[in-house]
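Asks: Sequence first, predicted model second:
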Amino acid sequence: MRRRALLGLAATLPLAGTARAAAGRLVTVGGAVTETVFALGAGGQVVAVDSTSLFPAPARSLQQVGYLRSLAPEGLISLNPDLLLLSDEAGPPQAIAVLRAAGAPVSLIPDGAGAAAVRRKITTIAQALGQDGSTLAEAVGADWAALDAPIAALRPLRALFVLSAARGAPLVSGRGTHADVMLASAGAENCVRDFAGYRPLSAEAAAQLAPEVIVMMDHALTEAGGVDSLLRATALAVTPAAASRRVIALDGAYLLNFGPRAAHARRDLAARLHPGAALPQLPARPWV
């Protein structure tokens, strides 16, 4: 019933002509999408972003359209965009259906983690903007590749990525997450392999996993009360990481977006995981 109601709403919304030129008013949804649009030099055309679009700084002053998984189609169309660039993680699906039924100029950008995913995002967004994104894609790819051999030579650390630890058992990353891919790319081994996605961690499981280091987003560490409070959590206190107080916190969007800054995030995490490792300096790219 809700789907029929939303599709009925589409008939009442003003049509956003799909024939408009892509170079015009842009709405970007998804942190990596917004970062890439700015890196391609089209940031001045962006009129609104979602709440996950925190970089670069000018994006934070733009009109907000809400969280990417709970979009309101009527609000998006009311912005009269020439192009809606949405991560394929955006939703709910009914909202995307309404946008398409209303004739809104929607381009869904494939999400994903890793070097190939970054290149795919850049080239897909560039094509939607009528640009050649090869220069940006090749630069990011070269930066990523420059780290491959030095990181492969390092001993992988047993790592645990904690998404949240503010309430109850820590929520940790298993297989198939952006965190899982970033840990592996930076010279760490995600010690959680028996499930995909995120699940709470018990003290018994933590003791068996024995992570040497805990990696988090900086805001999640703050919400947990800092390192001391985090390591007092029952499920983490029994780990080697707690004994050595090895907790690494980085900006979440930087670490997990897998946008144009991905290679630099990979290097920064690897340097924190392996202090003193001989890692090449990456070029000071303007989009970083």
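Replies: Ah, there it is.
Asks: burial count for F38?
Replies: By the other C-beta atoms under 10 Å criterion, the neighbourhood of F38 contains 24 residues. Any C-beta I mention is one placed from the backbone N, CA and C, and that applies to glycine too.
Asks: go on, E89?
Replies: Residues near E89, counting by other C-beta under 10 Å, number 17.
Asks: do the same with T123
Replies: For T123, the tally of surrounding residues (other C-beta under 10 Å) stands at 17.
Asks: just G176 next, same as before
Replies: What G176 shows, counting by other C-beta under 10 Å, is a neighbour count of 12.
Asks: Not counting sequence-adjacent ones, nearest residue to it?
Replies: The shortest distance from G176 to any residue that is not its chain neighbour, by C-beta to C-beta, 6 or more residues apart in numbering, is 4.3 Å, and that residue is A196.
Asks: how near is that neighbour to P211?
Replies: Using C-beta to C-beta, to the nearest Å, A196 is found at 18 Å from P211.
Asks: Have a look at the two and say which one is more surrounded.
Replies: The residue with more neighbours, out of A196 and P211 and counting by other C-beta under 10 Å, is P211; that gives 26 against 13.
Asks: Poorly predicted segments of this protein, please.
Replies: Of all residues in the chain, those with pLDDT under 70 make up the ranges 1-23.
Asks: Could you pull out the strands in it for me?
Replies: Secondary structure of the chain, counting by DSSP state E: strands at 26-29, 46-49, 63-64, 83-87, 106-109, 157-164, 171-173, 188-190, 198-200, 213-217, 247-250.
Asks: Centroid-nearest residue for this structure?
Replies: For the chain, N257 is the residue whose C-alpha lies nearest the centre (C-alpha atoms, centre = their mean; 2.3 Å).
Asks: Spit out the contact partners of that one.
Replies: By C-beta atoms under 8 Å, 6 or more residues apart in numbering, the contact list for N257 reads G31, A32, E35, F55, H178.
Asks: Make a markdown table out of those residues and add neighbour count and distance to L136.
Replies: What follows is those, written out as a markdown table (neighbours: other C-beta atoms under 10 Å; distance: C-beta to C-beta, whole Å):
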| residue | neighbour count | distance to L136 |
| --- | --- | --- |
| G31 | 25 | 17 |
| A32 | 31 | 13 |
| E35 | 30 | 11 |
| F55 | 22 | 15 |
| H178 | 21 | 20 |
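Asks: Need these in a markdown table (columns: distance to L154).
Replies: Shown next, in a markdown table, are these (distance: C-beta to C-beta, whole Å):
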| residue | distance to L154 |
| --- | --- |
| G31 | 28 |
| A32 | 26 |
| E35 | 27 |
| F55 | 28 |
| H178 | 21 |
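Asks: Among those, which lie within helices?
Replies: Using DSSP state H, the members of the contacts of N257 that fall in helices are G31, A32, E35, H178.
Asks: and the residues you listed as TSV, adding distance to P286?
Replies: Converted to TSV, those look like this (distance: C-beta to C-beta, whole Å):
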residue	distance to P286
G31	18
A32	17
E35	12
H178	24
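Asks: sorry, back to before: any idea which of the strands of the chain gets closest to A145?
Replies: The stretch from the strands of the chain with the least distance to A145 (C-beta to C-beta) is strand 188-190; that distance is 19.1 Å.
Asks: Now do the buried residues in that closest one.
Replies: Buried residues in strand 188-190, counting neighbours by 16 or more other C-beta atoms under 10 Å, are found at A188, N190.
Asks: going forward, begin numbering at 28 instead of 1
Replies: Noted, 28 is the first residue going forward, which turns the last one into strand 215-217.
Asks: quick one: strands adjacent to that strand?
Replies: On the basis of DSSP bridges, the sheet neighbours of strand 215-217 come out as strand 184-191 (parallel).
Asks: Check the offset of stretch 263-272 from the chain's centre.
Replies: When distances are taken as C-alpha atoms, centre = their mean, to the nearest Å, stretch 263-272 is centred 27 Å away from the chain's centroid.
Asks: try stretch 238-258
Replies: Using C-alpha atoms, centre = their mean, we find the averaged C-alpha position of stretch 238-258 to lie 19 Å away from the chain's own average C-alpha position.
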